[in-house]
Every structure is written in structure tokens, then in C-alpha cells.
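Student: just the structure for this:
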Amino acid sequence: MEKRFNLFRIIRIVNYFLCLILYAHCYSQEVELYPSKYKKLPDIPSPTTLKNGTEVIINVSRLGEYLVLPVTQEKGEIYSCLYDFNGKGDQLWVAAPDFPTLGKTGLHSEEELDKKTLISGRSIDVINFIARPKKFSSSGFISEDEDIISVLKGDNKIIRSLGLVHHQLAKPLFHVWNSILGNYIEQGDENQNTIYYNGNKIYIIYNSGNGYQESIFHDEIEGKYDIHIWRNLDNEELEFLKRYYSKLAEVDFNKFIEKLTHLHLSEMLPFYIMRYGFYEGHTYYRCDPIAIAFIFGLKSLEEIENVFEGNLYNSLTNHYVYK
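Tutor: So this is what the prediction gives:
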């Protein structure tokens, strides 16, 4: 019995020290944030949340050095590109007064959407009018054959079918925006930035405009930046798509790949997604939730295809036509 007792005691002691080593390893990077630089890829997940609550992602500089960027999604000071207020804005608020179910569950209730006449104090008719092309913006926030409710419903179904909720899609976009807002990554077409996110290498180019874009909702959200985010398919993913979508013409297949792997957006989008579950309609600045889930590794290509079962191309291209 004494030998057995000693063996168990030794095992417990060994496990204790292994846990201490693992703990120290996991949090050894906490204080080594930007502008500290690493020659090798830091041995932490990207994204991850450090023990002190800081959310971080890993960035690769033009010189090939690795940076751990603090990009926490949080309620910050006012952001306004018009008045040069450079806080983060409220990145956690959901428009629960307008959408109680969204506030409680992270998804819309279609019954609530069907009854909506106002969003943030602005009528649905006014929102539909100013959101279409050549009104508040030349490209528009929804297409001519869509309305705000049909778009909210359409993307809500997509998110539900993927087994996700809206704030999960907003988070990686906030991480990208916070890395830009913090001046951690360089601006300009010649400066392609690279980040790691859930095992994927993601590329970012952004530029700021001279003017600003006002929100279609009666809120403080503004936009000034043009942000391009993408990742490349690996050979296995490309062959997977060729196998399942071999009947597509070459031009349609290339369009398919573009829509799945590229995002064009402004800083308005993460706020829109978080607050309203709004990814914009099928216009230039649409931030398709399927593409977000794929690019940022929230879902694998196989998992996404299993949801849409040969209909992924149509799901990325078809408009949410209002009736």
C-alpha cells in the first residue's frame, strides 16, 4: 500500500509541475506586445485572450518580424472620422431595444423583423430609400431589388445555418479594424499586411479617403477607410471546389473564388454586424458572412459546403429580393 501511495503522490507532483510549466508557457507572451518584435512566430494562438483580458493577434511586418498586436473589442471612447475623435467607439453594443431577440440570442427573430417599422428611430421606408445605390453612397448599402428587412432576414438565415451568431462574425473584423486604428499596420497599396487568424494567413490593404460616409441608420457610425481583406486557397481547398463546382463556367468559377476569399469593407461594417446583424446587401461593400466565416477560420470549407450542399455559389451571389 505504501508503494502505491508513493506512486500516486509522485504522479500528482509531476502533473502539478507540468501544469505550472504549461501555464507559464501560455502566458509568457503577455507583456511582449507591440512594439516588441520576434524573430520567430510566437508560440501562442492568434487570436487569443491573455490572462489580463487583452485580445491579441499576430502580425508579420514587412521585414518578416512578428508582432503581437493588442486588438481588444471593447466599449471605447467616441470614434468619429469627421471630428477626429479617435476612440474605438462602442464595439460591444447590440441594438437590443430595436431587436430584443438579437440582444438575447445573437440572432434575429423573423417575427420581430416582419413587424419592424423603425430602426434606431428612422423609418424602414427612409432607410430603404437612402440605402439604395446613388443615394447616401454611389455603390449603395443594398441593391435596387433588396430592402433592409429582406437583407437582415437573408443573412440571419445564413448565420443560423452555419451554427454561428452575429457577434462571432463581427469580432474578427473589429480585430482588423483595431489593428488599423492603433496604427499597428501600415497604410497604402504598396504595404500588404499579413496577420495570422485561426491558422490562416490573412492579407490586408487599407487606405483612408478624404471624405466620410454617413450611416443609413440614425446612429453615430461613420466610414472613411477602404479595407481589403483576403486569403488564398490552398491546393486542397481549390481541388475541393473544382470537384463540387466543376459545372461552373470559368468566369463564374473565378467570380465564386473572389466572393469566397475576398472582403471589401469600411470600418462601418463590424459595427453594423454587431448592432444590427447587417452585412450590407449585394453591392460592392457587402461583407458576406460566408466569406467572413471562411477567411477567418470560423468554419472550414468542408463544413460550409456541408451546410449548402452544392448551392454555395448561389448563396454567395443571389440577391435577397424583397417581395
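Student: CA only for contacts and neighbour counts going forward, please
Tutor: OK.
Student: any stretches of the chain with poor pLDDT?
Tutor: Regions of the chain meeting the criterion pLDDT under 70 cover residues 1-31, 189-190.
Student: what segments of it are strands?
Tutor: Counting by DSSP state E, the chain has strands at residues 48-49, 55-60, 66-70, 79-80, 85-86, 118-119, 122-123, 193-197, 200-214, 222-230, 262-265.
Student: could I get the buried residue list for the last one?
Tutor: Read it as strand 262-265. Under the neighbour-count criterion of 16 or more other CA atoms under 10 Å, strand 262-265 has His262, Leu263, His264, Leu265 buried.
Student: show me the contacts for the closest residue in space to the second one that isn't next to it in sequence.
Tutor: Think Leu263. With CA to CA, 6 or more residues apart in numbering as the criterion, Leu263 has its nearest non-adjacent residue at 5.1 Å, and that residue is Ile229. Applying CA atoms under 8 Å, 6 or more residues apart in numbering to Ile229 gives the contacts Ile202, Tyr203, Ile204, Ile205, His262, Leu263, His264.
Student: what is the second one paired to in the beta sheet?
Tutor: Read it as Tyr203. Using DSSP bridges, the bridge partners assigned to Tyr203 are Thr194, Trp230.
Student: so Lys299 touches Ala293, yeah?
Tutor: Yes. Taking contacts as CA atoms under 8 Å, Lys299 lies within contact range of Ala293: 5.5 Å.
Student: burial measure for Arg132, as a count.
Tutor: Here the number of neighbours of Arg132 (other CA atoms under 10 Å) works out to 24.
Student: for the nearest residue to it once chain neighbours are set aside, what are its contacts?
Tutor: Distances taken as CA to CA, 6+ apart place Gly140 nearest to Arg132, at 4.7 Å, with adjacent residues excluded. Gly140 makes contacts with Ala131, Arg132, Pro133, Lys134, Thr283, as judged by CA under 8 Å, 6+ apart.
Student: ok, 6 Å please
Tutor: Ala131, Arg132, Pro133 (CA atoms under 6 Å, 6 or more residues apart in numbering).
Student: cool, and Pro70?
Tutor: Contacts of Pro70 by CA under 6 Å, 6+ apart are Glu55, Val56.
Student: run through the bridge partners of it.
Tutor: Under the criterion used (DSSP bridges), Pro70 bridges to Val56.
Student: can you give me the neighbour number for Glu236?
Tutor: Glu236, neighbours per other CA under 10 Å, totals 9.
Student: tell me how far it lies from Ile292.
Tutor: 20 Å (CA to CA, to the nearest Å).
Student: please, where are all the helices along the stretch 151-300 of the chain?
Tutor: 166-181, 235-244, 250-261, 268-276, 289-295 (DSSP state H, counting those that start in this stretch).
Student: would you turn those helices into a markdown table with distance to Pro45?
Tutor: Listed next are these as a markdown table, based on distance: least, CA to CA, whole Å:
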| stretch | distance to Pro45 |
| --- | --- |
| helix 166-181 | 14 |
| helix 235-244 | 22 |
| helix 250-261 | 22 |
| helix 268-276 | 22 |
| helix 289-295 | 16 |
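Student: let me have the contacts of Gly140 in CSV, adding distance to Gly64 as columns.
Tutor: Below are the contacts of Gly140 laid out as CSV (distance: CA to CA, whole Å):
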residue, distance to Gly64
Ala131, 42
Arg132, 43
Pro133, 41
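Student: and those, which of them are in helices?
Tutor: Among the contacts of Gly140, the subset assigned to helices under DSSP state H consists of Ala131.
Student: which one of the contacts of Gly140 is nearest to Phe271?
Tutor: Nearest to Phe271 among the contacts of Gly140: Ala131, at 16.3 Å, using CA to CA.
Student: OK, contacts around the residue lying closest to that closest one once chain neighbours are set aside?
Tutor: Of all residues not flanking Ala131 in the chain, Phe141 sits nearest, at 4.9 Å (CA to CA, 6+ apart). With contacts defined as CA under 6 Å, 6+ apart, the neighbours of Phe141 are Ala131, Arg132, Glu280, Gly281.
Student: switch the cut-off to 7 Å
Tutor: Phe141 makes contact with Ala131, Arg132, Glu280, Gly281, Thr283 under the criterion CA atoms under 7 Å, 6 or more residues apart in numbering.
Student: what's the burial count for the last one?
Tutor: Put plainly, it is Thr283. A total of 16 residues lie near Thr283 under the criterion other CA under 10 Å.
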